[in-house]
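Asks: need a structure here:
(one chain, ligands or ions: 2)
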Amino acid sequence: MQKVDRLFVHCRELVTLTDGPATGPRRGAAMRQLGVIADGAVAVHDGRIVAVGTTDEITRDYEGGEELDLSGFVVMPGFVDCHTHPVFARTREAEFHMRCAGADYMAIAAAGGGILSSMQGVREADLDSLTTRTVEHLWGFLQHGITTIEAKSGYGLSLDAEKKSLEALADALGQVPIQARRTFLGAHEFPPEYRERRDDYVKLVCEEMLPALAPMADYCDVFAEPGVFDREQSARVLSAAKALGLGLRVHADEIEPMGGAELAVEHGALSCDHLGRISDAGIEALAGSDTVGVLLPGTIFFLAKPHYAPARRMIEAGCAVALATDFNPGSSHTQSMSMIHTIACTQMKMSAEEVIVASTINPAFSLRLDDEVGSLHPGKRADLCVLDLPSHQAVGYAFGGNPVVMTVKDGVPAVANVSEREPDWFGDDLEIVDPEIVDSPVDPGGEDGA
Ligand code: NIG
Ligand code: FE
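Replies: Numbers count the residues shown, from 1 in each chain. Ligands and ions are numbered 1, 2, ... in the order given. Below is the predicted model of the structure:
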């Protein structure tokens, strides 16, 4: 009998993803290999997964210092959201309603709204308030079962304001139990002072911002889109970032086709994202590469555009496909991976198995964190998403609410959304990380109830 910190037992279904390899991208039929254990259990020690199996097997071999009964819930790896923009100061609901009344997203942007209105907010905010907003956004991911994110700057668009954004991100990450990789996105838009001399802004990004800010980031991204950074300007940013040792990600082929996927593959990017207008050549290039195609159907839905990325063709061609929220104040104001699953199933015809793989191991690979997260192979971080669903087949099916009842980060329950439940649903042993911040109705136990 081995002693471990904690056992999670009696999961109605434990979705381990251990039917496939622990690391590397899953393509084609491998995107449908999960590994599902009925009445499953997980043994956790020092924040890592020690073993998964049936509750009988695990309780025979392991004794937990604490045991959490997850009867009735589906448990899977914490979601990995590999495309987010959480560093912003203000929301943009006025613009949302302008679009609903018929205005076009790119036309709003060209008139100084859109990304530039977020830029105004970030430039005006002081570091503390930007950090506070970012902290709130990070907790929002955890509340939706997301335990690892990629987080971009990109609403500063000057050396100082991009630096402030990356500082706010670093400070916020120190306050919230979520794992992240940071992306410098100075090439998100042309700021007003450079709109008439765009090449000078590209030069500023490549020659001043990137060298100064590369130590604060893991990756560099660029919004490669007609009317924003053209192919040649995007290529310059990507080459400069690569020379500084940053991994590359590309906003590619979102609204108009521009060969963005091909550009990303040529530069050996870790991911190319959006892809509503990916070409056949782009699909072929992606399929023959390790660049992950990150689909952001929340954006197409929220902008009410007709062209969802061709997920079926991409999966059948052998592309490694991931899904992400694209959480941002303009084009996709959601942190609900479950909602993304619904849109991916209904609009892009992905299966339940595929959306699970696309929001766990494949995005983890795009962040090169697949040796740590994205599946429940022993040795990986004990990051779990606990869902109030009848089976894993219900991902995407149950829509509009938040099916996540608990998020576990590094073996510790970080968030419990159980307002509809008995307050002691998870037993007296539950200690959530910071009940003050989480504002959870769960009784965390202990004499003083704190
Ligand atoms: O991924 N496309 C560019 N960037 C973001 C949206 C930015 C915004 O509208 O604030 C995106 O959709
Ligand atoms: Fe984006």
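Asks: wait, doesn't Met350 sit right on Ala344?
Replies: Yes. In this structure Met350 lies within contact range of Ala344 using C-beta atoms under 8 Å: 4.5 Å. Just so you know, the C-beta spots here come from the backbone N, C-alpha and C atoms, and that holds for glycine as well.
Asks: So is the strand or helix carrying Ser239 next to ligand 1?
Replies: Assessed by DSSP states H and E, Ser239 sits inside helix 231-243. No. Helix 231-243 lies out of reach of ligand 1 by C-beta under 6 Å from any ligand atom, never closer than 12.6 Å.
Asks: and the helix or strand following that helix, C-alpha only, in CSV?
Replies: Moving toward the C-terminus from helix 231-243, the next helix or strand (DSSP H and E) is strand 247-252. C-alpha atoms of strand 247-252 as CSV (Å, rounded to 0.1, in the frame of the first residue of the first chain):
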residue,chain,number,x,y,z
GLY,A,247,8.9,30.3,-30.4
LEU,A,248,6.5,31.5,-33.1
ARG,A,249,2.7,31.6,-33.4
VAL,A,250,0.7,33.3,-36.2
HIS,A,251,-2.8,34.8,-36.4
ALA,A,252,-3.3,33.5,-39.9
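Asks: Tell me, how many residues neighbour the one residue in the stretch 201-350 of the chain that gets nearest to ligand 1?
Replies: As assessed by C-beta to the nearest ligand atom, ligand 1 sits closest to Gly330 within the stretch 201-350 of the chain, at 2.4 Å. Neighbours of Gly330 under the rule other C-beta atoms under 10 Å: 25.
Asks: Quick check on it: phi, psi?
Replies: Main-chain dihedrals, Gly330, degrees, to the nearest 10: phi -110, psi -70.
Asks: List the residues that contact it.
Replies: Arg92, Glu95, Tyr105, Gly114, Ile115, Ser118 (C-beta atoms under 8 Å, 6 or more residues apart in numbering).
Asks: Could you list the residues of this protein in contact with ligand 1?
Replies: Proximity of the chain to ligand 1, by C-beta under 6 Å from any ligand atom, involves residues 85, 114-115, 118, 223, 251, 254, 299, 326, 328-332.
Asks: Disregarding residues adjacent in the polypeptide, which is nearest to Arg312?
Replies: Lys349 (5.3 Å; C-beta to C-beta, 6 or more residues apart in numbering).
Asks: Tell me who's in contact with the nearest residue to Leu275 once chain neighbours are set aside.
Replies: Distance criterion C-beta to C-beta, 6+ apart; nearest residue to Leu275, sequence neighbours excluded, is Ala309 at 4.3 Å. Applying C-beta under 8 Å, 6+ apart, we find Ala309 in contact with His274, Leu275, Gly276, Ile278, Gly293, Leu295, Leu296, Pro297, Ile300, Met348.
Asks: Which strands and helices lie in contact with whichever strand or helix holds Leu286?
Replies: Counting by DSSP H and E, the element that carries Leu286 is helix 280-287. Based on contacts counted as 3 or more C-beta pairs under 8 Å, 6 or more residues apart in numbering; DSSP states H and E, the elements that helix 280-287 packs against are helix 260-266, helix 311-317.
Asks: picking that back up, alpha carbons of the helix holding Ser239, as PDB, please.
Replies: The C-alpha trace of helix 231-243 is given here as PDB (Å, rounded to 0.1, in the frame of the first residue of the first chain):
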ATOM      1  CA  ARG A 231       3.000  38.700 -45.700                       C
ATOM      2  CA  GLU A 232       6.400  40.500 -46.000                       C
ATOM      3  CA  GLN A 233       5.900  42.500 -42.800                       C
ATOM      4  CA  SER A 234       4.800  39.400 -40.900                       C
ATOM      5  CA  ALA A 235       7.800  37.500 -42.200                       C
ATOM      6  CA  ARG A 236      10.100  40.200 -40.900                       C
ATOM      7  CA  VAL A 237       8.600  40.000 -37.400                       C
ATOM      8  CA  LEU A 238       8.700  36.200 -37.300                       C
ATOM      9  CA  SER A 239      12.400  36.100 -38.500                       C
ATOM     10  CA  ALA A 240      13.500  38.700 -35.900                       C
ATOM     11  CA  ALA A 241      11.700  36.800 -33.100                       C
ATOM     12  CA  LYS A 242      13.200  33.500 -34.200                       C
ATOM     13  CA  ALA A 243      16.700  35.000 -34.200                       C
END
